[in-house]
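Asks: Give the three-dimensional model of this entry:
(one chain, ligands or ions: 3)
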Amino acid sequence: MAVSQTKPVYGLLGRKLGHSYSPRIHAMLGDYEYRLHEVEPDDVAAFIREGDFAGLNVTMPYKETVMDLCDKLTDAAKKIGNVNTIVRREDGTLLGDNTDYYGFSHLLNVGHMSVTDRKVVVLGTGGAAKTVHAVLTDRGASEIVMISRTGENNYENIAQHYDARFIVNTTPVGMFPNCPDSPIDLEPFARTGELREGRADGLFGVVDVVYNPARTGLMLQAEKLGVPHISGLPMLVAQAKAASELWQHKQISNEIVNEIVEKITFEEGNIVIIGMPSGGKSTIGSLLAKQLGREFVDIDDHIPEAAGKSIADIFAEDGEEAFRAIETQVTGEVCKRSGLVIACGGGVVTEARNYDLLHQNGIVLLLKRPLELLVSDGRPMSITKGIPGLARDRGPKYDAWGDIVVSNDADPMIVVGHALEKLQK
Ligand SMILES: Nc1ncnc2c1ncn2[C@@H]1O[C@H](COP(=O)(O)OP(=O)(O)O)[C@@H](O)[C@H]1O
Ligand SMILES: O=C(O)C1=C[C@@H](OP(=O)(O)O)[C@@H](O)[C@H](O)C1
Ligand SMILES: [Mg+2]
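Replies: Ligands and ions are numbered 1, 2, ... in the order given. The predicted model follows:
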């Protein structure tokens, strides 16, 4: 008689799990069930005692709580002071371990962040900060300064640490939906170095453990300053891999970690389309979304809703500046979401402040249609300034903002095919 095989059951324990990436990550790491458990503080002890699981990941705010509920702790978990992975052993007892340590270590490796003999500023003093501190200590950082809101080293007196060479953010500042916020200004840190080849080299690296959005305010500023930087997704995936290895008693390659990071980056990232008015952003965007099975959002469609009047009326009654203010507000709300195809208004590049909004969580696709094929119908800017004038003013900005360029000079479905090819590279 055939014996029915049931899959082992793992999962994630936390209080609010939102749209956690963990089930998707674990589905790519092994053949097991992975469930989400949102549990209130008073119920955690009972959940652990009675829980029907072969192992667990643990997240905020229970990484310290579960330490007392495990039968045994690994040395790493004891040293760091929190548990993110629980393994049920053969005799049924629970072993508490910490794979965030491995995750952060992996993040430093893939970001090429060599902290040995360097001064590091760590923003935050919570659970993630403790893990980060342990890794930095083991890697021989010369000085580790922990910044908190009210401690001895805080955001008021952070200037005394502008000589730090690395910054690690472990706070939730900048995390969705508060994006693109940033906990600190990086410029004074960068400026402490010598000016070489036109850029200050005081900062060697910036790491953000936040992974949604893909680029927090901190990452976007590091990028502008030319400072090497990396955000938290490889850490999330690597800690999951290490947990999965403990549960399955087998090794998983770093290749798989990289593949998962790439897949989630693409799926969660937005495809943000810019280009001249009537260049085909709405047309190509909606077809591309259909092809990818994604939601399509046309910023221009949401502006009348936000303003209570049509785009033509905003321009006629309130002027361009008022239109730009509403456009920025709507663009910010839409672009912080995930996994969308977004068509922007043609003038989005006229406001420098919109750059971060477009780039925080996506790839910017510049759609270029030959000027002679562009039309002005109903487009206030194209009518008043004329298409050649707009093209002259905006051309350099379109080129600077676009991460990839796609020509819209063929049948729309052919253009969508070209866009997909470039996106999947
Ligand atoms: N590849 C194409 N082939 C034929 N017509 C196109 C193509 N791309 C755009 N159009 C047409 O050009 C006009 C403007 O396109 P639209 O998508 O509204 O531009 P945008 O959103 O950039 O202002 C529409 O009438 C659309 O049908
Ligand atoms: O170029 C511009 O400044 C504008 C372009 C329009 O969007 P399309 O590019 O979709 O026409 C719309 O946002 C508004 O009329 C302003
Ligand atoms: Mg449009």
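Asks: List the beta-bridge partners for Phe296.
Replies: Assessed by DSSP bridges, Phe296 has beta-bridge partners Val341.
Asks: Wait, it touches Val341, no?
Replies: Yes - counting by C-beta atoms under 8 Å, Val341 is a contact partner of Phe296 at 4.9 Å. In this view, the C-beta of every residue, glycine as well, is placed from N, C-alpha and C.
Asks: Could you report the neighbour count for Val135?
Replies: By other C-beta atoms under 10 Å, the residues close to Val135 number 21.
Asks: List the residues that contact it.
Replies: By C-beta atoms under 8 Å, 6 or more residues apart in numbering, Val135 lies in contact with 101, 104-105, 108.
Asks: which parts of the helix or strand containing it are buried?
Replies: Assigned by DSSP states H and E, Val135 belongs to helix 127-138. With burial defined by 16 or more other C-beta atoms under 10 Å, the residues of helix 127-138 counted as buried are 127-136.
Asks: between Phe296 and Val341, who's got more neighbours?
Replies: Val341 (25 against 19).
Asks: What separation do you get for the more buried one and ligand 2?
Replies: Distance, Val341 to ligand 2, by C-beta to the nearest ligand atom, to the nearest Å: 14 Å.
Asks: Phe176 now?
Replies: 25 Å.
Asks: cool, and Gly127?
Replies: In this view, Gly127 and ligand 2 are 44 Å apart by C-beta to the nearest ligand atom.
Asks: Now do the contacts for that residue.
Replies: 60, 63-64, 81-82.
Asks: Also Pro188?
Replies: So Pro188 contacts 159, 162 (C-beta under 8 Å, 6+ apart).
Asks: where does the stretch 201-350 of the chain come near ligand 3, residue by residue?
Replies: 281-282 (C-beta under 5 Å from the ion).
Asks: Show the pLDDT at the residue nearest to the spatial centre of the chain.
Replies: Of all residues in the chain, the one closest to the mean position by C-alpha atoms, centre = their mean is Ala214, 2.0 Å from it. pLDDT for Ala214: 96.
Asks: cool, and Lys425?
Replies: Reading off the model, Lys425 has pLDDT 83.
Asks: what does the helix or strand containing Tyr34 contact?
Replies: Using DSSP H and E, Tyr34 sits in strand 33-38. Here strand 33-38 makes contact (C-beta under 8 Å, 6+ apart) with 7-17, 20, 22-23, 26-27, 47, 51, 53, 56.
Asks: List the contacts of the residue of the stretch 151-300 of the chain found nearest ligand 3.
Replies: Nearest residue of the stretch 151-300 of the chain to ligand 3: Ser282, at 3.4 Å (C-beta to the ion). By C-beta under 8 Å, 6+ apart, the residues touching Ser282 are 298, 300, 343.
Asks: Of those residues - the most surrounded one?
Replies: Each of those was scored by neighbours using other C-beta under 10 Å; the highest score is Ala343's, at 29 neighbours.
Asks: residues touching it, list them.
Replies: 273, 281-282, 285-286, 296-300 are the contacts of Ala343 under C-beta under 8 Å, 6+ apart.
Asks: Just the ones of those in helices?
Replies: 281-282, 285-286, 299-300 (DSSP state H).
Asks: The helix holding Val135 - what's its average pLDDT?
Replies: Here the average pLDDT along helix 127-138 is 95.
Asks: The residue in the stretch 151-300 of the chain positioned nearest to ligand 2: neighbour count?
Replies: Nearest residue of the stretch 151-300 of the chain to ligand 2: Pro277, at 3.5 Å (C-beta to the nearest ligand atom). Residues near Pro277, counting by other C-beta under 10 Å, number 24.
Asks: Give me the secondary structure label for Asn82.
Replies: Look at Asn82: counting by DSSP: H, G, I helix; E, B strand; the rest coil, its state is coil.
Asks: does it really touch Thr131, like I thought?
Replies: Yes - at 7.1 Å, Asn82 and Thr131 qualify as touching, with contact defined as C-beta under 8 Å.
Asks: quick revisit: which ones are touching the residue of the stretch 151-300 of the chain closest to ligand 2?
Replies: Contacts of Pro277 (C-beta under 8 Å, 6+ apart): 345-347, 374, 376, 379, 381-382, 387, 390.
Asks: possible to save those as JSON lines with secondary structure, neighbour count and pLDDT?
Replies: Output for those, formatted as JSON lines (DSSP: H, G, I helix; E, B strand; the rest coil; neighbours: other C-beta atoms under 10 Å; pLDDT from 0 to 100):
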{"residue": "Gly345", "secondary structure": "coil", "neighbour count": "24", "pLDDT": "97"}
{"residue": "Gly346", "secondary structure": "helix", "neighbour count": "22", "pLDDT": "97"}
{"residue": "Gly347", "secondary structure": "helix", "neighbour count": "24", "pLDDT": "97"}
{"residue": "Leu374", "secondary structure": "coil", "neighbour count": "20", "pLDDT": "95"}
{"residue": "Ser376", "secondary structure": "coil", "neighbour count": "16", "pLDDT": "90"}
{"residue": "Arg379", "secondary structure": "coil", "neighbour count": "23", "pLDDT": "89"}
{"residue": "Met381", "secondary structure": "helix", "neighbour count": "21", "pLDDT": "88"}
{"residue": "Ser382", "secondary structure": "helix", "neighbour count": "20", "pLDDT": "87"}
{"residue": "Ile387", "secondary structure": "helix", "neighbour count": "19", "pLDDT": "94"}
{"residue": "Leu390", "secondary structure": "helix", "neighbour count": "22", "pLDDT": "95"}
